[in-house]
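**Student:** build me a model:
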Amino acid sequence: MKQIPILLIVAAAAIGTGGAMTLSAAGADYESSQIFGGKLPPGYRDWTLISVAHEAGKFNDIRAILGNDLAVKAYRDGTVPFPDGAIVVRVAWSYVPSEENDKVFGQPQSFVAGTPTNVQFMVKNSREYASTGGWGYTQFNDGKPAHVAVQACYACHVPAKARDYLFTRYSP
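**Tutor:** Residues are numbered from 1 along each chain as shown. Now for the predicted structure:
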């Protein structure tokens with residue numbers, strides 16, 4: 001039950017936060033750095049919320065998964081494989097306790113988005129990215145393309161092949 005407030009906070013942050021983000025982390029080879037001309041696509045923060053997640057372990061972050069209109073339609077319709085032109089983005093933040101919210105609740109229980117960690121995109125183009133399941137991958141740290149090998153991204157997504165390499169399920 002404690003995860004519900006975290007997920008609601010992530011959803012609110014994804015929908016209500018605008019403007020530029022300062023991102024940090026590590027790591028896109030030449031091919032992936034060329035997706036979107038090496039720049040964050042304008043307006044991606046206004047795309048539709050698909051789901052939210054909390055990752056523990058080494059990531060220990062909260063995430064909003066957003067999609068362009070093609071991706072959202074595919075999710076809603078259960079279309080697999082996704083159509084070319086679908087784009088899914090994962091925006092991640094560290095999460096921190098909210099003393100202000102905890103005062104309202106009368107106990108420590110609330111967490112909010114903290115420092116942004118990175119932004120990752122999956123772009124569907126079955127011809128251009130045939131060797132990686134039809135998806136191109138890119139990551140941005142501090143608003144700049146990161147240096148993570150596309151094959152490494154793909155290898156991580158192979159277990160979700162039956163869902164067209166997407167971990168996230170649509171949350172209606």
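**Student:** longest strand anywhere in the chain?
**Tutor:** Across the chain, the longest stretch assigned as strand under DSSP state E is strand 111-124.
**Student:** check which residues of it are buried.
**Tutor:** Neighbour-count burial for strand 111-124, with 16 or more other C-beta atoms under 10 Å as criterion, is recorded at Phe111, Val112, Ala113, Pro116, Thr117, Asn118, Val119, Gln120, Phe121, Met122, Val123, Lys124. Placement of C-beta: from N, CA and C, glycine included.
**Student:** quick check: Tyr154 touching Gly134?
**Tutor:** No. Applying C-beta atoms under 8 Å as the test, Tyr154 and Gly134 come out as separate, 10.1 Å apart.
**Student:** what touches both of these two?
**Tutor:** Listed as contacting both Tyr154 and Gly134 by C-beta atoms under 8 Å, 6 or more residues apart in numbering are Tyr165.
**Student:** which residues of the chain score low on pLDDT?
**Tutor:** Confidence mapping of the chain against pLDDT under 70 gives the ranges 1-34.
**Student:** so Gln120 versus Val112, what's the distance?
**Tutor:** Between Gln120 and Val112 the computed distance is 21 Å (C-beta to C-beta, to the nearest Å).
**Student:** correction: the previous question concerned Pro42.
**Tutor:** Taken as C-beta to C-beta, the span from Pro42 to Val112 is 26 Å.
**Student:** likewise Val150?
**Tutor:** As judged by C-beta to C-beta, Val150 and Val112 stand 33 Å apart.
**Student:** likewise for Val119?
**Tutor:** 19 Å.
**Student:** next: Ser171.
**Tutor:** 20 Å.
**Student:** same thing with Thr48?
**Tutor:** In this view, Thr48 and Val112 are 22 Å apart by C-beta to C-beta.
**Student:** again, but for Lys161
**Tutor:** Distance, Lys161 to Val112, using C-beta to C-beta: 35 Å.
**Student:** swap in Gly133?
**Tutor:** Counting by C-beta to C-beta, the gap from Gly133 to Val112 is 35 Å.
**Student:** same check on Cys156?
**Tutor:** 28 Å.
**Student:** buried residues of stretch 125-136, list them for me.
**Tutor:** Buried residues in stretch 125-136, counted by 16+ other C-beta under 10 Å: Tyr129, Thr132, Gly133, Gly134, Trp135, Gly136.
**Student:** good, wrapping up.
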